[in-house]
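*Asks:* Turn this into a structure:
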Amino acid sequence: MSSNNAEQNTNVSDIVLYLKCPRKVYYSKRAQKTKPKDNVSFVEHLLLKELGLRYPQLLGYVSSKADDKKDKIQSVFNEVCTELNIIYASELEGVSEETVSEAIEKVNACLGDVALNVAELLEDAINISLAKALCGMEMQPVLYGSKMKVSGIPAGVVELEGSPVPVIVKTGKCPEYGVWADDRLHLAAFSMLVQEMHSHPIDDGIVIYSRSGCIRPVKIRANDRRQVLGVCSNIKKIKGGFLPERKEIPLCHDCEYLESCDVKSSLVSKFF
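*Replies:* Modelled structure (predicted):
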């Protein structure tokens, strides 16, 4: 693929970045990150991401009435801790042992909730088919939609009621009900790729909230797909050189592009 074509294509990670802040898409292609990686939240995210990818393994180990379910989950997490430096060698370069230890301690504190919520999932007969499907998850397949010119790698794809269904892992706080709006659009983007690749309507998806052990099935709606297409259109404009208007939000303070973003927006950006 030529560099020109590569620029015209959108990755699902661009969509996720856009949903956090449109300017992140602009600066991710043009500026150096300035935020140091040696912070606890960064390592915590990697630990929870890797733990989430092992939920299929975890569900295979844990029965609904196993008294040792917390021990089994702890065992899986211990594996994650041992292998983290191997899997994420470049990401963890320059990160201190103290930072890693503190992140491990924070995630360890979440494992009780994970055990409770996973057990609750397995006690519900309605969710048994969901758990079984996850146990057979195809890990991180590469998806590409030639019509959308979008590619991406979900956490996995499972077979649910005869249809391939995308799965994503989220490491943040889980909502009380359903999924966060941005997570819905993230999942919708993958469902659209699976739909195009299989020439079959895909209306379902699954979000794993690895911090809490909550696994949420999602129904993808027409409006979700419509919004994803709108985001993809805006991303193409940004990659073409358009700088969106800067909006001050609480997350700005910790943004890795904060220094670059201190540039005044052009007047035209106000019409974005």
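*Asks:* Residue 218 falls within a helix, correct?
*Replies:* No - applying DSSP: H, G, I helix; E, B strand; the rest coil, one finds residue 218 to be strand, outside a helix.
*Asks:* Contact partners for it?
*Replies:* 178, 179, 184, 187, 204, 205, 206, 207 (C-beta atoms under 8 Å, 6 or more residues apart in numbering). Yep, even glycine has a C-beta here, placed from its N, CA and C like the rest.
*Asks:* so the fourth one, which of the three states?
*Replies:* It refers to residue 187. Classified using three-state DSSP, residue 187 is helix.
*Asks:* Distance of the residue nearest to residue 57 when sequence neighbours are not counted relative to residue 50?
*Replies:* Sequence neighbours aside, residue 76 is the residue nearest to residue 57 in space, at 6.3 Å (criterion: C-beta to C-beta, 6 or more residues apart in numbering). Separation of residue 76 from residue 50 (C-beta to C-beta, to the nearest Å) stands at 10 Å.
*Asks:* Which one's more surrounded, those two?
*Replies:* residue 50 (21 against 18; other C-beta atoms under 10 Å).
*Asks:* and the closest residue to that one other than its chain neighbours, how far is that from residue 91?
*Replies:* Once flanking residues are discounted, residue 50 sits nearest to residue 80: 4.8 Å by C-beta to C-beta, 6+ apart. Using C-beta to C-beta, residue 80 is found at 14 Å from residue 91.
*Asks:* Please say which of those two ends up with more neighbours.
*Replies:* Using other C-beta under 10 Å as the criterion, residue 80 and residue 91 rank with residue 80 on top: 20 against 15.
*Asks:* From what I see, the more buried one and residue 57 are in contact.
*Replies:* No - Residue 80 lies out of contact with residue 57 (C-beta atoms under 8 Å); the separation is 10.5 Å.
*Asks:* Sketch out the low-pLDDT regions of this structure for me.
*Replies:* Within the chain, the stretches with pLDDT under 70 are 1-8, 31-36, 62-68, 263-272.
*Asks:* which residues of it fall in strands?
*Replies:* Here the chain has its strands, by DSSP state E, at 10-11, 138-139, 143-145, 150-152, 156-160, 163-170, 204-209, 214-219.
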